[in-house]
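Peer 1: what follows is a predicted protein model with its sequence.
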Amino acid sequence: MKKIVITGMGAVTPLGIGVDTFWENLTAGKSGIDTIKSFDPSELAVQIAGEVKNFNPSEYIPKDLIRKTDPFMQYAYIAAEEAINQSGITIEPERTGIVMGTAMSGISTIAFTQDALSGASHKKVGPRFVPKILGNIAAANIAIDYNIQGPQFTVSTACSSGGDAINTAAMCIQAGKADIMLAIGAESVLCPLVIYSLANAKALSRRNDSPATASRPFDTSRDGFVIGEGGGALVLETEEHALARGAKIYGVVMGCGNTGDAHHVTAPHPEGRGAMACIKLALNEAGLNPEDIGYINAHGTATNKGDTVETSAIKKVFGDNLPYVSSTKGATGHMMGAGGITEVISCIKAIETGVIPPTINLNEVDPECAGIDFVANTAKKADINYAMSNAFGFGGQNSSVIVGKY
């Protein structure tokens, strides 16, 4: 097995744009959740979200590209640009590839275009509509601008999409199909169509009067997740390739797991069957034991079943060797495909800085989740060598990614 290392990171989040800003605000316990500003939410039952704040795409993206892209594509592009610049990589066109992860692609563009079309003429539908909604065009735009000609995949495994993008990128490198891979996740689903559906499914928090405290992972008073948006990117390459060019190495991709519950399209298996299997697969591939993991960035969405099932799975796998566990979704909301990448970045930064990011808004741990240190409200110092990020999605999709100190 080739050693796969991480040489670049990029983040666009509700806590800020850029990895350093994201990490500073995350570890300070700040919230990126507020009343929705991108459209008027006053008629909706749910009026809050983790939006990317004060976002002006022209500061980051060529103006001709802005007109052609959905916001999720813009977040992907900006995150990828930061990761590429940080890595200092020289693109080798045929030996560099991209894996893009997104749960719902251009759903907001679809919704708003249909709304404009209803009762209007066909002229309300622009010629760029189709490429703006396709999931793979996010990667295509990056590939075109950076002349990346190697493997290109787009994975859509619900909220596991970002973690599975890392897994797929690593497999491409292990198979010898590329020396360098970009793993990217991005999401922007904020529109009445999606909010109505998730609200009617009773999946979303309705704390419109207190946005900053609405997302409460593992708390006894939690009432659902908060939608987030953004993008994340990693540059992965073989250790040999990174050393040959004198790159700074931020961490190692130790192992990845992917499983399916084969149980239900929205609810997790009540015994955490798929989650446990996924965690064990990642540990096995990494060649690690449960006691080696110092920190888990949990999926932790603040839904009733999700939090209790994940907690149960962690306890069953780790037994008496429970690591620190936190959910950064208390601060960012649920960024779906983007979260799978930004939460791995949180793991890399935790290893690098010796700081465990907190689970904010956790004031009283649900008795069914008790027994784990969830790093409630305030970051903790801890020297760790290995960290795991879990991402579980609709359809029973499970992803676990383990990163380690180099």
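Peer 2: Thanks, I have it. Numbering: from 1, shown residues only.
Peer 1: which residue is the nearest non-sequential neighbour of Ile345?
Peer 2: Nearest non-adjacent residue to Ile345, counting by C-beta to C-beta, 6 or more residues apart in numbering: Met9, 5.2 Å away. In this view, the C-beta of every residue, glycine as well, is placed from N, C-alpha and C.
Peer 1: so where's the stretch 151-300 of the chain uncertain?
Peer 2: Residues of the stretch 151-300 of the chain meeting the criterion pLDDT under 70: none.
Peer 1: could I get the full set of strands for it?
Peer 2: For the stretch 151-300 of the chain, the strands defined by DSSP state E, counting those that start in this stretch occupy 152-155, 180-187, 230-238, 251-260, 295-297.
Peer 1: deepest in the core, which of the ones you listed is it.
Peer 2: strand 180-187 (a mean of 33; mean count of other C-beta atoms under 10 Å).
Peer 1: before we move on, back to that, I'd guess the residue nearest to Ile345 is in a strand, am I close?
Peer 2: Yes. The assignment for Met9 (DSSP: H, G, I helix; E, B strand; the rest coil) places it in a strand.
Peer 1: how about the contacts made by it?
Peer 2: Contacts for Met9 (C-beta atoms under 8 Å, 6 or more residues apart in numbering) come out as 19, 82-83, 86, 232-235, 250, 345, 348.
Peer 1: again, but for Asn390
Peer 2: By C-beta under 8 Å, 6+ apart, Asn390 lies in contact with 163, 275, 278-279, 296-299, 310, 398-400.
Peer 1: now those in JSON lines, with distance to Thr359?
Peer 2: As requested, the contacts of Asn390 are arranged in JSON lines below (distance: C-beta to C-beta, whole Å):
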{"residue": "Gly163", "distance to Thr359": "19"}
{"residue": "Ala275", "distance to Thr359": "18"}
{"residue": "Cys278", "distance to Thr359": "21"}
{"residue": "Ile279", "distance to Thr359": "19"}
{"residue": "Ile296", "distance to Thr359": "11"}
{"residue": "Asn297", "distance to Thr359": "10"}
{"residue": "Ala298", "distance to Thr359": "8"}
{"residue": "His299", "distance to Thr359": "12"}
{"residue": "Glu310", "distance to Thr359": "13"}
{"residue": "Asn398", "distance to Thr359": "21"}
{"residue": "Ser399", "distance to Thr359": "20"}
{"residue": "Ser400", "distance to Thr359": "19"}
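Peer 1: top of the residues you listed by number of neighbours, please.
Peer 2: With neighbours set by other C-beta atoms under 10 Å, the maximum within the contacts of Asn390 is found at Gly163, which has 36 neighbours.
Peer 1: that one and Val401 touch, don't they?
Peer 2: Yes. Look at Gly163 against Val401 with C-beta atoms under 8 Å: they come within range, at 5.1 Å.
Peer 1: who touches both of those two?
Peer 2: Common contacts of Gly163 and Val401 (C-beta under 8 Å, 6+ apart): 256, 340, 344, 389, 391.
Peer 1: which one of those residues is nearest Leu322?
Peer 2: Nearest to Leu322 out of the shared contacts of Gly163 and Val401 is Ser389 (C-beta to C-beta; 16.5 Å).
Peer 1: separation between that closest one and Asp209?
Peer 2: To Asp209, Ser389 is 32 Å away according to C-beta to C-beta, to the nearest Å.
Peer 1: neighbour count: the two, which is higher?
Peer 2: Neighbour comparison, Ser389 and Asp209: the larger count goes to Ser389, with 30 against 10 (by other C-beta under 10 Å).
Peer 1: ranges for the helices of this protein?
Peer 2: Using DSSP state H, the helices assigned to the chain run over residues 19-27, 63-66, 71-87, 107-117, 129-133, 137-146, 161-174, 192-200, 239-244, 273-286, 304-318, 329-332, 339-353.
Peer 1: which stretch among these comes nearest Leu44?
Peer 2: If you check each of the helices of the chain against Leu44 by C-beta to C-beta, helix 192-200 wins as the nearest, at 5.6 Å.
Peer 1: ok, and what's touching that closest one?
Peer 2: 39, 41, 43-46, 104, 107-108, 110-111, 204, 206, 227.
Peer 1: got the CA coordinates for that helix in CSV?
Peer 2: Provided in CSV are the C-alpha atoms of helix 192-200 (Å, rounded to 0.1, in the frame of the first residue of the first chain):
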residue,chain,number,x,y,z
PRO,A,192,-37.9,26.8,0.0
LEU,A,193,-38.3,23.5,-1.8
VAL,A,194,-35.6,21.7,0.3
ILE,A,195,-36.5,23.4,3.5
TYR,A,196,-40.2,22.6,3.1
SER,A,197,-39.4,18.9,2.6
LEU,A,198,-37.0,18.5,5.5
ALA,A,199,-39.2,20.6,7.8
ASN,A,200,-42.3,18.5,7.0
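Peer 1: just how off-centre is it within its chain?
Peer 2: 21 Å (C-alpha atoms, centre = their mean, to the nearest Å).
Peer 1: buried residues in it?
Peer 2: 192, 194-195, 198-199 (16 or more other C-beta atoms under 10 Å).
Peer 1: so where's the stretch 1-150 of the chain uncertain?
Peer 2: By pLDDT under 70, the weakly predicted segments of the stretch 1-150 of the chain are 119-123.
Peer 1: does Tyr406 touch Val252 like I think?
Peer 2: Yes. If you go by C-beta under 8 Å, Tyr406 and Val252 touch, sitting 5.4 Å apart.
Peer 1: need the overlap of contacts for these two.
Peer 2: Val5.
Peer 1: check contacts around Ala103.
Peer 2: 156-159, 161, 187, 189, 336-337, 393.
Peer 1: most surrounded residue in these?
Peer 2: Gly337 (39 neighbours).
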